[in-house]
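[1] What follows is a protein structure lacking sequence information:
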């Protein structure tokens, strides 16, 4: 079993508290994303798991063994860096062999076989003898991936590995990462600030905010049922509108009312409205003033003023409203997420 | 838009560059010319053509002795300066602040007038060890050669990916293995260029060698200087030409191996 357990990890740089009590368990073979804005502590947490950074307090266990005090070279991990960190003076094959050589895994022939298998996995066998600088960014990235998986580490750590690729290549690599993970099933911890990446790749998304875990859940759950205002605004850019609920209806600041799901608790709340869940109506519903219209090819994005709140709404390209006019909008009661306060 | 450079300015620039090149190369041409002159004296323009002075130089025990001393010294200085300078550069590149006091200290021989260093070392050596020896020269040349090795090595280390070493750690490389497999290969071009400079500095050094010489310890530049002072015949020019050729050959080899030009252009 190669599960990873973090117990009450804290980390301070001088007086700055970067991590404040992180508890996280990753099951063997699970793909977990650490998602968060820059400065939330996700990279520091990854580096702590790698051993590149020490903890101020807390415990790191890999496969049931306490590795908190061990340097990276003594931990059975592999890490893929944002810059790929390929050794420039070694060929592709030598780079991939490097972890096997350093850890003295098997004979030369066995190493050769493993290097070949890893290069096959990332479809780079034909470039084995090239120097890293002769490869494109995407190819270098595959070499880095091959090098990370070749030693079959207990935990695979990925530090924003896709962020240096252009959009199309990034999507290709996402699909490839999913397939490779399904095939070899390494316990994987993936750091990203890109919610799409986190949602599409992981078994579980861990959303971090200001050095703490805000929410952790499978992608669909964290997207559809964010537990906090921060979670709902970070994932899918939800619009947050304050309201007061009474008798199954939410009253907005300007007095307009809309129906919410039955059984919603009365009191002051925040409504989280996904931009893709707002419908434009011919009449009825809520009145909102059009501020800006943005043409996006397949659809329009409208910036609306709803009861004094600026909200962003996606509409089919056929919906044409002029700035300054009044839009009628509606939201299905079961699409409204009600957050406390 | 970048404005076009006016024609007269281009021509002026070309002329300036050519003048500079002539200014730097003219002395070499004079020396080479004199070395094949039939005249008994160091005089330019050369008269006639002969290789006599080369035969003279290669048959002279004084010159040959001086040449072997300079060569041995330069090789040993290359080794010691490269080892010390390389280690210092690796250490300095890890410092928090580039250009800190330690770096200034190691580079200080570049700015300290070598005549002051020569006088100081001569007095110190005499007080502690007595007569100067080969080791005094070795030490003196090593000290002035070290900054060149540090500069070239720091230059290549400044361009490296700072994550390489961390990546090596995550791949199981211990400290010594990281030094051998990651850091030293990265330093290689800098160390080779530094070694080349160190060799040339030592082979060509005159001030320190002059102060630290004794009758059994005369390097080639000091020998040339002495000859020029007391019996100036074109043998001196022949020896100088040979020195130029050795240096050029070394430079060509190094340029082939790693492209020295990138250090010249800072």
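    That came through, no problem. The model shown is predicted, which means the values in this text are computed figures rather than measured ones. Residues are numbered from 1 along each chain as shown, chains lettered A, B, ... in the order given.
[2] In three-state terms, how would residue A:276 be classified?
    helix (DSSP: H, G, I helix; E, B strand; the rest coil).
[3] what number of residues lie near it?
    Neighbours of residue A:276 under the rule other Cβ atoms under 10 Å in any protein chain shown: 13. (Glycine included, C-beta is placed from N, CA and C.)
[4] Now do it against chain B, distance only.
    From residue A:276 over to chain B the distance is 39 Å, taken as Cβ to the nearest Cβ, to the nearest Å.
[5] what's the single longest helix in chain B?
    Longest helix of chain B, by residue count under DSSP state H: helix B:61-93.
[6] Can you tell me the SS state at residue A:270?
    strand.
[7] just to revisit the earlier point, what mean pLDDT does whichever helix or strand comes after the longest helix of chain B have?
    Downstream of helix B:61-93, the first helix or strand assigned by DSSP states H and E is helix B:101-107. In this model, helix B:101-107 carries a mean pLDDT of 85.
[8] so what does helix B:101-107 touch, helix or strand wise?
    helix B:61-93, helix B:134-158 (3 or more Cβ pairs under 8 Å, 6 or more residues apart in numbering or on different chains; DSSP states H and E).
[9] Most tightly packed of those helices?
    Among those, the stretch with the highest mean neighbour count (mean count of other Cβ atoms under 10 Å in any protein chain shown) is helix B:134-158, at a mean of 22.
[10] picking that back up, show me what the longest helix of chain B is packed up against.
    helix B:101-107, helix B:134-158, helix B:184-204, helix B:220-230.
[11] Could you list the residues of the stretch 51-200 of chain B in contact with chain A?
    B:161, B:163-164, B:166-174, B:177, B:181-182, B:185-186, B:188 (Cβ under 8 Å from any Cβ of the partner chain).
[12] Try it again at 10 Å.
    B:160-175, B:177-178, B:181-182, B:184-186, B:188 (Cβ under 10 Å from any Cβ of the partner chain).
[13] Which of those residues fall in helices?
    Using DSSP H, those in helices are B:163-170, B:175, B:177-178, B:184-186, B:188.
[14] mean confidence for the longest helix of chain B?
    On average, helix B:61-93 scores 93.
[15] Stretch A:191-208 too?
    In this model, stretch A:191-208 has a mean pLDDT of 92.
[16] Distance from the chain centre to it, please.
    Stretch A:191-208 has its C-alpha centroid displaced from the chain centroid by 2 Å (Cα atoms, centre = their mean, to the nearest Å).
[17] Now do the buried residues in it.
    Within stretch A:191-208, the residues that count as buried by 16 or more other Cβ atoms under 10 Å in any protein chain shown are A:191-195, A:197-199, A:201-202, A:204-208.
[18] Can it be said to contact chain B?
    No - against chain B, stretch A:191-208 shows no contacts by Cβ under 10 Å from any Cβ, the least distance being 14.1 Å.
[19] one step back: from the ones in helices among the residues of the stretch 51-200 of chain B next to chain A, which would you call buried?
    Here, 16+ other Cβ under 10 Å leaves B:163, B:164, B:165, B:166, B:167, B:168, B:169, B:170, B:177, B:178, B:186 buried among those.
[20] In JSON lines, list the helices and strands packed on helix B:61-93 along with distance to residue B:77.
    Listed next are the helices and strands packed on helix B:61-93 as JSON lines, based on distance: least, Cβ to Cβ, whole Å:
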{"stretch": "helix B:101-107", "distance to residue B:77": "16"}
{"stretch": "helix B:134-158", "distance to residue B:77": "4"}
{"stretch": "helix B:184-204", "distance to residue B:77": "4"}
{"stretch": "helix B:220-230", "distance to residue B:77": "14"}
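[21] what sits against residue 245?
    I went with chain A, as the question did not name one. By Cβ atoms under 10 Å, 6 or more residues apart in numbering or on different chains, residue A:245 lies in contact with A:251, A:260, A:264, A:265, A:266, A:267, A:268, A:269, A:271, A:338.
[22] um, chain B though
    Neighbour list for residue B:245: residue B:32 [criterion: Cβ under 10 Å, 6+ apart].
[23] For the residue nearest to residue A:271 when sequence neighbours are not counted, which three-state class applies?
    Leaving out its chain neighbours, the residue that sits closest to residue A:271 by Cβ to Cβ, 6 or more residues apart in numbering or on different chains is residue A:241, at 4.7 Å. Here residue A:241 is recorded as strand under three-state DSSP.
[24] does residue A:241 really touch residue A:273, like I thought?
    Yes - the pair formed by residue A:241 and residue A:273 meets the contact definition of Cβ atoms under 10 Å, at 6.4 Å.
[25] what touches both of those two?
    In terms of Cβ under 10 Å, 6+ apart, residue A:241 and residue A:273 are both contacted by the residues A:258, A:306, A:309, A:311, A:331, A:336.
[26] JSON lines please, covering the residues you listed and showing pLDDT and distance to chain B.
    Below are the shared contacts of residue A:241 and residue A:273 laid out as JSON lines (pLDDT from 0 to 100; distance: Cβ to the nearest Cβ, whole Å):
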{"residue": "A:258", "pLDDT": "87", "distance to chain B": "52"}
{"residue": "A:306", "pLDDT": "91", "distance to chain B": "47"}
{"residue": "A:309", "pLDDT": "88", "distance to chain B": "44"}
{"residue": "A:311", "pLDDT": "90", "distance to chain B": "42"}
{"residue": "A:331", "pLDDT": "89", "distance to chain B": "47"}
{"residue": "A:336", "pLDDT": "86", "distance to chain B": "45"}
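[27] mind checking the longest helix of chain A?
    Longest helix in chain A, counting by DSSP H: helix A:167-184.
[28] Would you mind pulling up the elements that it packs against?
    Applying 3 or more Cβ pairs under 10 Å, 6 or more residues apart in numbering or on different chains; DSSP states H and E, we find helix A:167-184 packed against strand A:31-35, helix A:108-121, helix A:137-149, strand A:155-159, strand A:187-192, helix A:195-201.
[29] what's the following helix or strand after the last one?
    In other words, helix A:195-201. Criterion used, DSSP H and E; the element after helix A:195-201 is strand A:204-209.
[30] angle of that following strand against strand A:31-35?
    20 degrees (axes from the mean of the first three to the mean of the last three Cα atoms, to 10 degrees).
[31] Direction included, what does strand A:204-209 pair against?
    Sheet pairing of strand A:204-209 (DSSP bridges) gives strand A:31-35 (parallel), strand A:212-217 (antiparallel).
[32] just the angle between it and strand A:187-192, please?
    If you take the same axes, to 10 degrees, strand A:204-209 sits at 40 degrees to strand A:187-192.
[33] Ok, which of the helices and strands packed on helix B:61-93 comes nearest residue A:133?
    Proximity to residue A:133 (Cβ to Cβ) singles out helix B:184-204 among these, at 13.4 Å.
[34] Next, the angle helix B:61-93 makes with that closest one.
    Going by the same axes, to 10 degrees, helix B:184-204 makes 150 degrees with helix B:61-93.
[35] Name the residues of helix B:184-204 that are buried.
    For helix B:184-204, by 16+ other Cβ under 10 Å, it's B:186-187, B:189-203.
[36] Same check on stretch B:223-234?
    B:223, B:224, B:225, B:226, B:227, B:233, B:234.
[37] quick revisit: same list, the strands paired with strand A:204-209, but as TSV with mean neighbour count please.
    Converted to TSV, the strands paired with strand A:204-209 look like this (neighbours: other Cβ atoms under 10 Å in any protein chain shown):
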stretch	mean neighbour count
strand A:31-35	26
strand A:212-217	18
